[in-house]
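Visitor: Next come a sequence and a model predicted from it.
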Amino acid sequence: MNEAVRLPNDGILTTADLAGRSDFTLGLAIVSPSSRTIVGPGGTADIEPRVMQVLVVLAEAAGQVVTRETLFQRCWGGVYVGDDSLNRAVAAVRKLASEIAGGSFEIETIPRTGYRLDGKLEAVADPGDVSDDAQGDPGISRRTLIGSAAGLAVAGSGVLAFWTVRSNADERRFNQLLKSGEERLEYGDGSAAAGEYLRRAVAIRPKDAAAQGLLAYALMLTATTVGKANSGTPVSEVEAAVDASLRLDPNDANAKLARIELRRTTLDLAGTEDGLRAVLASAPRNIFAMHLLWDLLQCTGRSRDALALVQRAIAINPLAAGNYYPLAQLLWIVGRTAEADRVIDRAMQYWPAHRFVRFARFTILAFTGRPSAALAMLDDEGTRPQVYSPASVALWRISLPALDQPSAANVASARVANLAAAKRDPLLSPQAVLTLSALGEVDAAFEIANDLLVFEAPPASGSEQEAYERRGTSIAWRFTPWLFTPPAAALRADARFAGLADGIGLAAYWQARNVRPDYQVYG
């Protein structure tokens, strides 16, 4: 525990009292008692009044044990309501810790005694939270000060002290919000939480280039994510943050990254890489530049180069969750499955609610001969990858038995289901391509991949025209690392893959870079 949250007394904590409480950070989340909300890597959630009361009382104890009797007294006013009410409230706090705060704080049960909160806790100063003591000598009353000329002079000093303290509080709050936003970006789960923190930081200091740059980067991530549910980030908002940052500092690395990704053209992968490497040359410790670059390298079949970048990022920030699920995936891709298992299992211990950590654990299990273990993850709400929609989960329930027992009947069922799913929802296409390729259904896999990815001149008319329009509006080209994963090996070994690579700009990229993808070099 760090700086304890200031609560003024040990009496009953009413819902009205919550309105006067300042925000505080708890693990990777910011808790706002006044608005009864919590914002973290998992998003934003409203908190029931009683649950917030329990959370605040536990936070007030700053790591000390709080007895059940104390919680009943502080939160229910000593009225007996039964153990179930307290148990439900504690369970709700634990759910928030897991789903919203990414498991970054915990409520420990002390048998037959009570509970203790375990997590990094810091106050977020309220700019208006200034005591009378900060405004002048606490031994001199306001009436005395205002009643004399000397008092007026001291009162003037008090006003200056007030604004000094307020300015210092603003600075502390700005720094905390900026730090929280950057930590959420490093957490790397694709949530909109980072943008929320950084918007608040920019509201305090709109002329801070670094804050505007980080905001631009965070907004870009939500604006360009394929299939992102309710992100709602307009491109104009990203551009506004980019422009604001670069006007203040033309060299701000994060604003440049946002602009590169936002304006990234469909087929010019080499040009995008040049831009990212230029940013990284000027800011060699910027792990966000590394992240975008290793994404691009994965999408172009250069997994070993991507792995080196991930390892470089981990050397700079060894505790950023966003570095570890790519590490596990890349270790698996380059054939080091045992190491990948160790990395992703540790990541599941550290960040059990991280959506991409769960996704990486599931994917590696599904395609390394352990589909029954992957199915067990789907069956458990506590481990099910959050990136999967109900339709995706239903499709996996058909595909995993075929991967486990590839009988003719199971494979036929998987083929029919995956083809239908990809036609119904293009976002299911990567999942379908990998499953079909792993099952040896290469023709069906190419049918889906070509329909999703290849950009061609439009045919004359009819249903083929409609198919072209679906391809032409697809932005899945932005992120196609799945083409270079182990289950897609049969796809890459087929002569038709050269045409697919040409159609999505990969062949032009390899020629421009004078490189060969890993599958051509290492098999």
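Guide: Yep, it's here. Numbering: from 1, shown residues only.
Visitor: got any ranges where this structure has weak pLDDT?
Guide: The model of the chain has pLDDT under 70 over residues 1-10, 80, 123-169, 226-233, 265-267, 455-478.
Visitor: Show me the helices in the stretch 251-400 of the chain, by range?
Guide: 253-262, 269-282, 287-299, 303-316, 324-333, 337-350, 355-366, 371-379, 390-404 (DSSP state H, counting those that start in this stretch).
Visitor: Does anything pack onto the shortest one? Which helices or strands?
Guide: This points to helix 371-379. helix 355-366, helix 390-404 (3 or more Cβ pairs under 8 Å, 6 or more residues apart in numbering; DSSP states H and E). Bear in mind the C-beta positions are built from the backbone N, C-alpha and C, glycine included.
Visitor: hmm, back to that, looking at the helices of the stretch 251-400 of the chain, which is closest to Tyr519?
Guide: helix 303-316 (8.9 Å; Cβ to Cβ).
Visitor: which strands and helices sit next to the closest one?
Guide: Secondary elements touching helix 303-316 (3+ Cβ pairs under 8 Å, 6+ apart): helix 287-299, helix 324-333, helix 518-522.
Visitor: Please convert the helices of the stretch 251-400 of the chain to a markdown table, extending it with distance to Arg424 and mean neighbour count.
Guide: Output for the helices of the stretch 251-400 of the chain, formatted as a markdown table (distance: least, Cβ to Cβ, whole Å; neighbours: other Cβ atoms under 10 Å):
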| stretch | distance to Arg424 | mean neighbour count |
| --- | --- | --- |
| helix 253-262 | 29 | 24 |
| helix 269-282 | 30 | 18 |
| helix 287-299 | 25 | 24 |
| helix 303-316 | 31 | 19 |
| helix 324-333 | 27 | 24 |
| helix 337-350 | 31 | 16 |
| helix 355-366 | 21 | 23 |
| helix 371-379 | 20 | 17 |
| helix 390-404 | 8 | 19 |
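Visitor: nearest to Ala218, of those helices?
Guide: That would be helix 253-262 among these, by Cβ to Cβ, at 8.5 Å.
Visitor: how about the helices and strands packed on helix 303-316 in JSON lines, adding distance to Ala408?
Guide: Compiled in JSON lines, those are given as follows (distance: least, Cβ to Cβ, whole Å):
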{"stretch": "helix 287-299", "distance to Ala408": "34"}
{"stretch": "helix 324-333", "distance to Ala408": "29"}
{"stretch": "helix 518-522", "distance to Ala408": "29"}
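Visitor: right, so of the ones you listed, which gets closest to Asp83?
Guide: Proximity to Asp83 (Cβ to Cβ) singles out helix 324-333 among the helices and strands packed on helix 303-316, at 39.0 Å.
Visitor: quick one on the thing from earlier: right, and the helices and strands packed on helix 303-316 - which one's nearest Asp208?
Guide: Among the helices and strands packed on helix 303-316, the nearest to Asp208 by Cβ to Cβ is helix 287-299 (17.4 Å).
Visitor: Confirm that Tyr115 sits in a helix.
Guide: No - using DSSP: H, G, I helix; E, B strand; the rest coil, the secondary structure at Tyr115 is strand, not a helix.
Visitor: Does the residue nearest to Asp118 when sequence neighbours are not counted lie in a helix or a strand, and which?
Guide: Spatial nearest neighbour of Asp118, chain neighbours left out: Glu106 (4.8 Å); criterion: Cβ to Cβ, 6 or more residues apart in numbering. Assigned by DSSP states H and E, Glu106 falls within strand 105-110.
Visitor: Neighbouring strands of that strand in the sheet, and parallel or not?
Guide: Here strand 105-110 is paired, per DSSP bridges, with strand 114-119 (antiparallel).
Visitor: any residues touching the strand it pairs with, and which ones?
Guide: 1, 26-27, 58-59, 61, 63-71, 90, 97, 101, 104-110 (Cβ atoms under 8 Å, 6 or more residues apart in numbering).
Visitor: now swap in stretch 407-427 and tell me
Guide: 226-227, 389, 391, 395, 398-399, 401-403, 428-429, 431-433, 435-436, 439-441, 444, 447-448, 451-452, 470, 474, 476.
Visitor: Okay, buried residues for that stretch please.
Guide: Residues of stretch 407-427 classed as buried by neighbour count (16 or more other Cβ atoms under 10 Å): 410-411, 414-415, 417-419, 421-422, 426-427.
Visitor: which of the residues you listed lies closest to Pro385?
Guide: Leu427 (14.1 Å).
Visitor: quick one: terminal-to-terminal distance for stretch 419-433?
Guide: The first residue of stretch 419-433 is 9 Å away from its last residue (Cα to Cα, to the nearest Å).
Visitor: for stretch 512-523, that is, sorry about that
Guide: Stretch 512-523 end-to-end distance (Cα to Cα) = 22 Å.
Visitor: what kind of secondary structure is Ile30 in?
Guide: Going by three-state DSSP: Ile30 is strand.
Visitor: what domains does the record give for the protein?
Guide: 15-123, 130-263, 264-522 (automatic domain parsing).
Visitor: Quick one: neighbours of Thr300, just the number.
Guide: Number of residues near Thr300 (other Cβ atoms under 10 Å) recorded here: 26.
Visitor: Ignore what I typed, I meant Asp84.
Guide: So Asp84, with other Cβ under 10 Å, has 8 neighbours.
Visitor: how about it, secondary structure?
Guide: Under three-state DSSP, Asp84 comes out as helix.
Visitor: Kindly indicate whether the residue nearest the centre of the chain is helix, strand or coil.
Guide: Nearest to the mean C-alpha position of the chain, counting by Cα atoms, centre = their mean, stands Asp189 at 2.2 Å. Put simply, Asp189 is coil when judged by three-state DSSP.
Visitor: Contacts only, for it.
Guide: Asp189 neighbours (Cβ under 8 Å, 6+ apart): 41-42, 102, 321-322, 354-356.
Visitor: Quick check: it vs Ile504, distance?
Guide: 27 Å (Cβ to Cβ, to the nearest Å).
Visitor: cool, and Ala315?
Guide: In terms of Cβ to Cβ, Ala315 sits 33 Å off from Ile504.
Visitor: quick check, Ala203 in a helix?
Guide: Yes - assignment of Ala203 by three-state DSSP places it within a helix.
Visitor: count of neighbours near it?
Guide: 11.
Visitor: Please apply the same query to Arg112.
Guide: 7.
Visitor: go on, Pro284?
Guide: Neighbourhood size, Pro284 [other Cβ under 10 Å]: 12.
Visitor: related to what we said a few turns ago, export the helices of the stretch 251-400 of the chain to TSV and tack on distance to Gly77?
Guide: TSV is the format used below for the helices of the stretch 251-400 of the chain (distance: least, Cβ to Cβ, whole Å):
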stretch	distance to Gly77
helix 253-262	49
helix 269-282	57
helix 287-299	49
helix 303-316	50
helix 324-333	45
helix 337-350	39
helix 355-366	39
helix 371-379	42
helix 390-404	43
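Visitor: So for Ala201, which of those sits nearest?
Guide: Closest to Ala201 of those is helix 253-262 (Cβ to Cβ; 13.1 Å).
Visitor: Show me what that closest one is packed against.
Guide: helix 209-224, helix 235-248, helix 269-282, helix 287-299.
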